[in-house]
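>>> Predicted coordinates and the sequence they were generated for:
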Amino acid sequence: MNREALEAIARERIAAQDGRRAIETFSSRFPALSIDDAYEIAHIVHEHRLREGARPAGRKIGFTNPAMWAAYGVRQPIWGYMYDTTVHELGEGAGAWSLAGFTQTKIEPEIVLHFREAPPAGDAADVLACIDWIAHGFEIVQSPFPEWKFSAADAVAVAGLHAMLLVGKRMAVSDLGPGAAGDLEAFRLTLSRNGERVASGRGSDVLGSPLLAISHLVAALREQPRRAPLEAGEIVTTGTITLAQPVAAGDRWSTAIEGIGLDPIEAAFK
């Protein structure tokens, strides 16, 4: 697609997000829309957000859990930017987190990684060696497309569906012990809403391991030379461990986590 068409889609995306409006999928109206086109649209929106004053905090990886692929009609992981305006520490606030600025929200329990140096597209141990802290968090995702029906290109164009990331207690890699790489693959997690268990998963449900999800992202970025590679200082949330669940005002969500030295988390929403 030509630049003019991509810029028009980006403007529509910005207006829909800022106005909390639902829109028809781009792919249904522009059949020629490719994944590369979608990343260019996302980059145009990213540059707009930077001009508004947002500062990049890192990346989110989406659709790293293959169990999600059939449900959403995608066939590969995707990525998008996160900002200082969308990444928050769970301990920052007492009280509930507002969903008022978002559309059709869902919640995803994830593993969050912070890099002291740029990671390679290597094995789990290679990636772990570049991380200084690890946390458990909730990503809130949103969709401007009715009933969460879209293509992978649509999802890319709207920043990987990212709304906000709530980061739990940070743990130094050294505090997780020498088995951290294996624990990130084998740990088990249960997700509950208002005290009732609704979903469960394992670290291996995230492309084999959250660390391998990073390796995938590094390799993907190498194939996108117009996009910046992962750098030291970035936060990356690696994708949902369970199926994403609808979240609404009045909900209180919590996790139980076994097999790794990360604290469970809890968050209320309004």
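Right, received. Where do you want to start?
>>> Next, the residue lying closest to P229 once chain neighbours are set aside: secondary structure please.
Using C-beta to C-beta, 6 or more residues apart in numbering and skipping the chain neighbours, the partner closest in space to P229 is L221 (5.1 Å). Using the backbone N, CA and C atoms, a C-beta is placed for each residue, glycine as well. Reduced to three states with DSSP: H, G, I helix; E, B strand; the rest coil, the structure at L221 is helix.
>>> what's the distance between L221 and R193?
As judged by C-beta to C-beta, to the nearest Å, L221 and R193 stand 35 Å apart.
>>> Over to R21?
The value you get for R21 to R193, if C-beta to C-beta is used, is 27 Å.
>>> where exactly do the strands run in the stretch 101-250 of the chain?
Secondary structure of the stretch 101-250 of the chain (DSSP state E, counting those that start in this stretch): strands located at 106-115, 131-141, 162-167, 171-172, 188-193, 196-202, 235-237, 245-246.
>>> Tabulate those strands (TSV), appending mean pLDDT and distance to V74.
Output for the strands of the stretch 101-250 of the chain, formatted as TSV (pLDDT from 0 to 100; distance: least, C-beta to C-beta, whole Å):
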stretch	mean pLDDT	distance to V74
strand 106-115	98	15
strand 131-141	98	13
strand 162-167	97	15
strand 171-172	97	31
strand 188-193	98	21
strand 196-202	97	18
strand 235-237	98	18
strand 245-246	98	18
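>>> Of all the ones you listed, which one comes closest to L33?
strand 162-167 (19.6 Å; C-beta to C-beta).
>>> That closest one packs against which elements?
Applying 3 or more C-beta pairs under 8 Å, 6 or more residues apart in numbering; DSSP states H and E, one finds that strand 162-167 contacts strand 56-62, strand 78-83, strand 87-89, strand 106-115, strand 131-141, strand 235-237.
>>> got the contact list for it?
By C-beta atoms under 8 Å, 6 or more residues apart in numbering, the surrounding residues in contact with strand 162-167 are 60, 62, 80-82, 86-90, 97, 101-102, 105, 110, 112, 135, 137-142, 235, 237, 265, 267.
>>> just the buried members of these?
The neighbour count (16 or more other C-beta atoms under 10 Å) marks 60, 62, 80-82, 86-88, 90, 97, 102, 105, 110, 112, 135, 137-142, 235, 237, 265, 267 as buried among the contacts of strand 162-167.
>>> okay, G73: pLDDT?
On pLDDT, G73 comes in at 69.
>>> can you tell me the helix or strand for E4?
Here E4, judged by DSSP states H and E, is contained in helix 3-19.
>>> quick one: contacts of that helix?
So helix 3-19 is contacted by 21-23, 26, 30, 37, 40-41, 44-45, 48, 144, 157-158 (C-beta under 8 Å, 6+ apart).
>>> give me that answer again for 10 Å
If you take C-beta atoms under 10 Å, 6 or more residues apart in numbering as the criterion, helix 3-19 is touched by 1-2, 21-24, 26, 29-30, 32-33, 37-38, 40-49, 52, 101-103, 142, 144-145, 157-159, 163.
>>> Among these, which lie within helices?
Counting by DSSP state H, these place 26, 29, 37-38, 40-49, 52, 157 in helices.
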